[in-house]
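**Q** pasting the sequence and the predicted coordinates here, then a few questions.
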Amino acid sequence: AQSVTQLGSHVSVSEGALVLLRCNYSSSVPPYLFWYVQYPNQGLQLLLKYTSAATLVKGINGFEAEFKKSETSFHLTKPSAHMSDAAEYFCAVSEGVSGGSYIPTFGRGTSLIVHP
Amino acid sequence: ETGVTQTPRHLVMGMTNKKSLKCEQHLGHNAMYWYKQSAKKPLELMFVYSLEERVENNSVPSRFSPECPNSSHLFLHLHTLQPEDSALYLCASSQGGTGEPSTDTQYFGPGTRLTVL
């Protein structure tokens, strides 16, 4: 069975500061891992995904995440926060489903607050 | 029109009403999903359709009834809802079907904000 834990329901940073959003996963097979972002009054949008290629994954808007198997982690980082990064961030894990749909399990989400 | 669209964006209904939510995807995908997003709760998967066949139903109450007439359209029919059903209902699609699971990404619509009085 797969599961994902996002540490911290809220993270607050100053504009220009490092962003670190934590995600730990549990999976019985090599996982596929995703980060999605949700802006107010919108659906979720893919930021980046890990699919067993390079362990450091670069996404949109300057975000990146590193897959660490030994720590079962997939933390999301950005060197310098912008005001426009304020949103809800969701980590998701999937083991894949053969022959059909691909169904991920989502974390509870972390709200990123950026102060001027 | 591109991506995944949902209508209506907002819906207010009484407990005895019958209404439907509509989702349409313009991405040529084979799989479609309904999610419920409530405040302070994880995203809840409700239904999954792949190649127009239902493949997942996470013990959703029968007052929610999905319909997938073709691979581009997905409906959620609502009747005799409860106030606790008030939430943001999100539709998503993915390549699914014969697509490669390792690269299958979900594309979400903007959601329907449902309020049950």
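**A** That came through fine. Source: prediction; values computed, not measured.

**Q** what is the burial count for the nearest residue to B:Leu117 once chain neighbours are set aside?
**A** Once flanking residues are discounted, B:Leu117 sits nearest to B:Gly14: 5.4 Å by CB to CB, 6 or more residues apart in numbering or on different chains. Where you see a C-beta, it was placed from the backbone N, CA and C, and this is true even at glycine. For B:Gly14, the neighbour count with other CB atoms under 10 Å in any protein chain shown is 10.

**Q** wait, doesn't B:Gly14 sit right on B:Ser86?
**A** No - with contacts counted by CB atoms under 8 Å, B:Gly14 stays clear of B:Ser86, the gap being 12.0 Å.

**Q** list residues touching both of those two?
**A** Residues touching both B:Gly14 and B:Ser86 by CB atoms under 8 Å, 6 or more residues apart in numbering or on different chains: B:Val116.

**Q** lowest-confidence helix or strand of chain B?
**A** strand B:53-57 (a mean of 79; mean pLDDT, DSSP states H and E).

**Q** report the buried residues of it.
**A** B:Val55, B:Glu56 (16 or more other CB atoms under 10 Å in any protein chain shown).

**Q** right, is it up against chain A?
**A** Yes - using CB under 8 Å from any CB of the partner chain, strand B:53-57 reaches chain A at B:Val55, B:Glu56.

**Q** which residues does the helix or strand that that strand is followed by contact?
**A** Remark: after strand B:53-57, the chain's next helix or strand is strand B:64-70, criterion DSSP states H and E. Here strand B:64-70 makes contact (CB under 8 Å, 6+ apart) with B:32, B:34, B:46-47, B:49, B:52, B:54, B:74-79, B:85.

**Q** within the sheet, what are the partner strands of the helix or strand that strand B:64-70 is followed by, with directions?
**A** Using DSSP H and E, the helix or strand that follows strand B:64-70 towards the C-terminus is strand B:73-79. Applying DSSP bridges, strand B:73-79 is found paired with strand B:18-25 (antiparallel), strand B:64-70 (antiparallel).

**Q** follow-up on the earlier one: distance between the least confident helix or strand of chain B and the chain's centre?
**A** 12 Å (CA atoms, centre = their mean, to the nearest Å).

**Q** which residues in chain A form strands?
**A** Taking DSSP state E as the test, the strands found in chain A are A:3-7, A:10-14, A:19-26, A:32-38, A:44-50, A:56-58, A:64-68, A:73-78, A:87-94, A:105-106, A:110-115.

**Q** redo those strands as CSV? Include mean neighbour count and distance to B:Val60.
**A** CSV is the format used below for the strands of chain A (neighbours: other CB atoms under 10 Å in any protein chain shown; distance: least, CB to CB, whole Å):
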stretch, mean neighbour count, distance to B:Val60
strand A:3-7, 17, 20
strand A:10-14, 14, 30
strand A:19-26, 18, 25
strand A:32-38, 24, 22
strand A:44-50, 21, 20
strand A:56-58, 14, 33
strand A:64-68, 18, 32
strand A:73-78, 21, 29
strand A:87-94, 24, 20
strand A:105-106, 21, 17
strand A:110-115, 16, 26
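
**Q** much appreciated, bye for now.
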